[in-house]
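Chemist: sequence first, then the predicted structure, then my questions.
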Amino acid sequence: MKKLIFLLSLCLCLNAMAQGQGPVSEPAWKTKIRDLITQVAGAEWGNKLVGSAPVPQESEVPMPEIPAQVKKSTDVGSYTKQLKAPTEFDKLPNERKRQFDYKFIEELFLVTRKTDAKDEDLSNWLNTLDQGGSREGIYQALVLDEVYNGLESMQEKPTDRLLDFSLQFSQKYLNQTFNKDSLNQLNLYSLKRILTEKGLDLIELYEVKDLDLFYRWYANFSADIARDHGAFLKSTVRNDTSAKYHYEWAKSMPIQHIKSEFIIKIHSVMNGLQLLQ
């Protein structure tokens, strides 16, 4: 009984502090208190004192179907990617495009390796993009080189917060269920690379099948990330919680830019969650 009274007092206090918060998501403390009260006095009291668990809102942009397995075909013809009409970015002067590319390379080094890019790196990779290289290709090169291999060998086990995010992301956005103990055997850098590569594999499938599927997948991912982990995204655009906004943005941008935003976002969030115990 004393435990129930304590939980009731704590619940009323925290509820008063939380007045005015939106119903989209629920603070972790509220979920834990409801669970504790449910264990002591039953679900009815848990819902009365804390309130019922929020019902997830239906996205304004329907999620596309996600196959259980993504297999790359050996038939090149069946993997011809759909072409996208030139966007406003494509029409920009080359010097303006270089400014955006330069910023991307700076961010890419920071989120993948957690270190600033050297001037030589910036120059070399900028030249690669000038000559027709892709942003995705630069990412693949950075996470498959000797430097990143060294980072993957470091003893830096993922935190529980990072593991929980990895499991949730994999289930919702990759349609795959991983074992938490298995993921715990990886370090931060290996886990970031594996989840990002699996996401890029799925995106490639959408590129072949229907670009609108890609836009919808990206829009829902971006809205969820902004709502749940916006503190790790240092951009007003990235912090927008509207799936419709991210959907329209994706339709208006080159494919490589959408991919690079996915890469930057997932690495940024995973880096941030690793710092939380």
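Modeler: In hand now; what should we look at? Residues are numbered from 1 along each chain as shown.

Chemist: only C-alpha atoms for contact and neighbour calcs from this point on.
Modeler: OK.

Chemist: which one is residue 270 nearest to, not counting chain neighbours?
Modeler: Sequence neighbours aside, residue 162 is the residue nearest to residue 270 in space, at 6.2 Å (criterion: Cα to Cα, 6 or more residues apart in numbering).

Chemist: any idea how far that neighbour lies from residue 267?
Modeler: In this view, residue 162 and residue 267 are 11 Å apart by Cα to Cα, to the nearest Å.

Chemist: domains of this structure?
Modeler: The chain resolves into domains spanning 1-8+24-56, 78-95+148-274 when parsed by automatic domain parsing.

Chemist: mean pLDDT lowest where, among these?
Modeler: Comparing mean pLDDT across the domains of the chain, the lowest value falls on domain 1-8+24-56: a mean of 65.

Chemist: quick revisit: could the domains of the chain go into a markdown table alongside mean neighbour count?
Modeler: Putting the domains of the chain into a markdown table (neighbours: other Cα atoms under 10 Å) gives the following:
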| stretch | mean neighbour count |
| --- | --- |
| domain 1-8+24-56 | 14 |
| domain 78-95+148-274 | 17 |
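
Chemist: from what I see, the residue nearest to residue 270 and residue 268 are in contact.
Modeler: No: using Cα atoms under 8 Å, residue 162 is not in contact with residue 268, being 11.6 Å away.

Chemist: thinking again about what came up before, so for residue 135, which of the domains of the chain sits nearest?
Modeler: Minimum separation from residue 135 across these (Cα to Cα) falls at domain 78-95+148-274, 6.0 Å.

Chemist: for the host helix or strand of residue 111, name the packing helices and strands.
Modeler: Secondary structure here is read from DSSP states H and E; on that basis residue 111 sits in helix 94-113. Helix 94-113 makes packing contacts with helix 119-130, helix 135-143, helix 255-274 when contacts are defined by 3 or more Cα pairs under 8 Å, 6 or more residues apart in numbering; DSSP states H and E.

Chemist: what's the spacing between residue 128 and residue 121?
Modeler: Summarising the geometry, the distance separating residue 128 from residue 121, computed by Cα to Cα, is 11 Å.

Chemist: ok, residue 43 next?
Modeler: Computed with Cα to Cα, the distance linking residue 43 and residue 121 is 57 Å.

Chemist: ok, now residue 230?
Modeler: Distance, residue 230 to residue 121, using Cα to Cα: 29 Å.

Chemist: what are the contacting residues of stretch 159-173?
Modeler: Applying Cα atoms under 8 Å, 6 or more residues apart in numbering, the external contacts of stretch 159-173 come out as 66, 176-178, 180, 183-184, 195, 199, 217, 221, 270, 273-277.

Chemist: could you dump that stretch to PDB, C-alpha only?
Modeler: What follows is stretch 159-173 as a C-alpha-only set of coordinates in PDB (Å, rounded to 0.1, in the frame of the first residue of the first chain):
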ATOM      1  CA  THR A 159      24.300   1.700 -24.900                       C
ATOM      2  CA  ASP A 160      20.800   0.300 -24.100                       C
ATOM      3  CA  ARG A 161      19.300   3.500 -25.700                       C
ATOM      4  CA  LEU A 162      21.200   2.900 -28.900                       C
ATOM      5  CA  LEU A 163      20.200  -0.800 -29.000                       C
ATOM      6  CA  ASP A 164      16.500   0.000 -28.400                       C
ATOM      7  CA  PHE A 165      16.600   2.500 -31.300                       C
ATOM      8  CA  SER A 166      18.400   0.000 -33.500                       C
ATOM      9  CA  LEU A 167      15.700  -2.700 -32.800                       C
ATOM     10  CA  GLN A 168      12.800  -0.300 -33.400                       C
ATOM     11  CA  PHE A 169      14.300   1.100 -36.600                       C
ATOM     12  CA  SER A 170      15.000  -2.400 -38.000                       C
ATOM     13  CA  GLN A 171      11.500  -3.600 -37.300                       C
ATOM     14  CA  LYS A 172       9.700  -0.600 -38.600                       C
ATOM     15  CA  TYR A 173      11.900   0.500 -41.500                       C
END
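
Chemist: distance from the chain centre to that stretch, please.
Modeler: Taking the mean of its C-alpha atoms, stretch 159-173 sits 10 Å from the chain's own mean (Cα atoms, centre = their mean, to the nearest Å).

Chemist: do stretch 182-196 as well
Modeler: Here stretch 182-196 shows a centroid-to-chain-centroid distance of 14 Å under the convention Cα atoms, centre = their mean.
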